[in-house]
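Student: Sequence first, then the predicted structure:
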Amino acid sequence: MAAAAAGPPSPSGAPITLPSSNPSGHNLFTRIRIATVDDVPHIHKLIHQMAVFERLTNLFRATVDSLSATLFPLSPPPPFTSFTVFILEVSPVPFLLSEITGEPHFTPIIKTVHLDLQIDDPEKEAFRSNSNDATVAGFVLFFPNYSTFLAKPGFYIEDIFVRDCYRRKGFGKMLLSAVAAQAAKMGYGRVEWVVLDWNVNAIAFYEQMGAEILPEWRICRLTGEALEAYADV
């Protein structure tokens, strides 16, 4: 880019005040935090949207009450020892310090994302969070598993989902990175999950994240009547 021509010297050697720079774009502030029972209505809506996206609404049975009872029992175990949910929130203003501290097991991850265009979220009110004019943009649900070959625990990601208007902006990478970072900090050996074979965009994204796709493995599942048949064994 060519340099702009210099203007005339200022009188009496007074400093020249240049206009402030106003780069085009939009800053969006993000926070990843551990979910609480108050987030269950949003989690329920996110899971349903995921079922629609994956064309699996025929399998969707979860309710707000069933999620509350199973994810957040009356005497919940510490985070990362059972089911853990990370919530991704976005806000047009920075998160307050009081909203960043206070969780003894996990320090929320705060980042600023610069976007060329402001995101139009038609469901902003439906996904409004309880703090700082924030909006819930996505989630990841994971829990411990174990590798006998490594003799180490790991994390299994059951679900990771970003709402449609927030996709392709790096938010899925933030959520997956948060789980991987927690596993690495705890000395765990693996983070694993599954992906639908037709979701080529997700497969490419996971490979870019460094994940190895294992086509030689197949999911085996007992559920419904097939599982209930074992109740009296």
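Tutor: Structure received.
Student: So Ala51 lies in a helix, does it not?
Tutor: Yes - Ala51 forms part of a helix when assessed by DSSP: H, G, I helix; E, B strand; the rest coil.
Student: right, and it touches Arg61 too?
Tutor: No - counting by Cβ atoms under 8 Å, Ala51 does not reach Arg61; the two are 9.8 Å apart. From N, CA and C alone the C-beta is placed, and that goes for glycine too.
Student: Measure how far stretch 89-98 is from the centre of its chain, please.
Tutor: Stretch 89-98 has its C-alpha centroid displaced from the chain centroid by 16 Å (Cα atoms, centre = their mean, to the nearest Å).
Student: Only alpha carbons, please: show it as PDB.
Tutor: Below are the C-alpha coordinates for stretch 89-98, written out as PDB (Å, rounded to 0.1, in the frame of the first residue of the first chain):
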ATOM      1  CA  GLU A  89     -21.800 -17.800  25.700                       C
ATOM      2  CA  VAL A  90     -21.300 -14.700  23.500                       C
ATOM      3  CA  SER A  91     -21.800 -11.100  24.500                       C
ATOM      4  CA  PRO A  92     -21.500  -7.700  22.800                       C
ATOM      5  CA  VAL A  93     -19.800  -6.400  26.000                       C
ATOM      6  CA  PRO A  94     -16.900  -7.900  28.000                       C
ATOM      7  CA  PHE A  95     -17.700 -10.300  30.800                       C
ATOM      8  CA  LEU A  96     -17.400  -8.900  34.300                       C
ATOM      9  CA  LEU A  97     -14.600 -10.200  36.600                       C
ATOM     10  CA  SER A  98     -17.200 -11.400  39.000                       C
END
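Student: List the contacts of that stretch.
Tutor: 28-33, 108, 110, 112, 119, 129, 131-137, 166, 171 (Cβ atoms under 8 Å, 6 or more residues apart in numbering).
Student: picking that back up, which of Ala51 and Arg61 has more neighbours?
Tutor: Neighbours around Ala51 and Arg61, counted as other Cβ atoms under 10 Å, are more numerous at Ala51. The numbers are 18 against 7.
Student: contacting residues for that one?
Tutor: Thr57, Leu59, Phe60.
Student: cool, Phe142 as well?
Tutor: Contacts of Phe142 by Cβ under 8 Å, 6+ apart are Phe83, Thr84, Phe86, Phe155, Tyr156, Ile157, Glu158, Val179, Val191.
Student: Just the C-alpha atoms of the helix or strand encompassing it, please, in CSV.
Tutor: For Phe142, the host element (DSSP states H and E) is strand 135-147. Taking Å, rounded to 0.1, in the frame of the first residue of the first chain, the C-alpha atoms of strand 135-147 are listed here in CSV:
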residue,chain,number,x,y,z
THR,A,135,-26.4,-15.4,24.6
VAL,A,136,-25.9,-19.2,24.7
ALA,A,137,-24.3,-20.2,21.4
GLY,A,138,-23.3,-23.8,21.9
PHE,A,139,-22.3,-26.6,24.3
VAL,A,140,-20.3,-29.7,24.7
LEU,A,141,-21.2,-32.6,27.0
PHE,A,142,-18.5,-35.1,28.0
PHE,A,143,-17.6,-37.6,30.7
PRO,A,144,-14.7,-39.8,31.8
ASN,A,145,-13.8,-43.1,30.1
TYR,A,146,-10.8,-45.4,30.4
SER,A,147,-8.2,-46.9,28.1
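Student: In that strand, which residues are buried?
Tutor: Within strand 135-147, the residues that qualify as buried are Thr135, Val136, Ala137, Gly138, Phe139, Val140, Leu141, Phe142, Pro144, counting by 16 or more other Cβ atoms under 10 Å.
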